[in-house]
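1. Pasting the sequence and the predicted model now:
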Amino acid sequence: MSLYEIIKVPNPFLKVKAKPVIEIDNKILTLLDDMLDTMYNANGIGLAATQIAIDKRLIVMDCGKNNIDEEEISEEEYNKKIKNDKLEPFPIKMINPEIIFLSEDLKEREEGCLSIPGYNANVKRPSSLKVRYTDENKKNITLEASGLLATCIQHEIDHLNGILFIDHISKLKREIILKKAIKEYSKQ
Ligand code: ZN
């Protein structure tokens, strides 16, 4: 297993639209494992291949097991569990994910990103969705998601299309975050 370097703004690769995976071979499966390791190592809950400068439609996530159980817990309860680190790990690997349904009702949630570390903003997105993808066993899956997982899936698929969470906020807020973040990272 190896860890990849996560690219940050203003790296132009973050704007690249990723290409579909044609063949799920061992290289892809190893890459997915390495992406999960890279994500856990950075204390993230999601990572897209774009963020390690690979233009393939691959994302990994771990929002904890409870959030995709049928019995959904309240958001407050969920956030408490996240803080206390009491969620059972539940890694998800998606190859060529595609959103096939987005709910009309929206939910605002604070988002952060491993490519803009240290900067968060509230983003309004559809509160639930259906996503179709191929998993690591080459099985086609349709998953219904709500809560944090729904936010995470939309955030990660956005990356595959060259979109960052700050592209969903006002231009003024986006420019403030970008300016500060780029200045900070350039000193590192
Ligand atoms: Zn991100």
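-> Thanks, I have it. Numbering: from 1, shown residues only.

2. Can you give me the distance of the closest residue to residue 113 other than its chain neighbours to residue 10?
-> Excluding the flanking residues, the one nearest residue 113 by C-beta to C-beta, 6 or more residues apart in numbering is residue 165, at 5.6 Å. For every residue, glycine as well, the C-beta is placed using N, CA and C. Going from residue 165 to residue 10 by C-beta to C-beta, to the nearest Å gives 15 Å.

3. of the two, who's got more company?
-> Using other C-beta atoms under 10 Å, the more surrounded residue of residue 165 and residue 10 is residue 165, with 26 against 12.

4. Would you mind measuring from that one to residue 138?
-> 31 Å.

5. Could you double-check that residue 119 sits in contact with residue 179?
-> No. With contact defined as C-beta atoms under 8 Å, residue 119 does not reach residue 179; the gap is 10.6 Å.

6. how many other residues sit next to residue 99?
-> Applying other C-beta under 10 Å, I find that residue 99 has 16 neighbouring residues.

7. before we move on, what SS does it have?
-> Secondary structure, DSSP: H, G, I helix; E, B strand; the rest coil: residue 99 is strand.

8. That one: what's it in contact with?
-> Shown in contact with residue 99 (C-beta atoms under 8 Å, 6 or more residues apart in numbering): 129, 130, 131, 153, 154, 157.

9. Kindly report the same for residue 50.
-> 13, 14, 16, 18, 159, 160, 162 are the contacts of residue 50 under C-beta under 8 Å, 6+ apart.

10. let's see it at 7 Å
-> Applying C-beta atoms under 7 Å, 6 or more residues apart in numbering to residue 50 gives the contacts 13, 14, 16, 18, 159, 160.

11. What of residue 119?
-> Residue 119 neighbours (C-beta under 7 Å, 6+ apart): 112, 177, 181.
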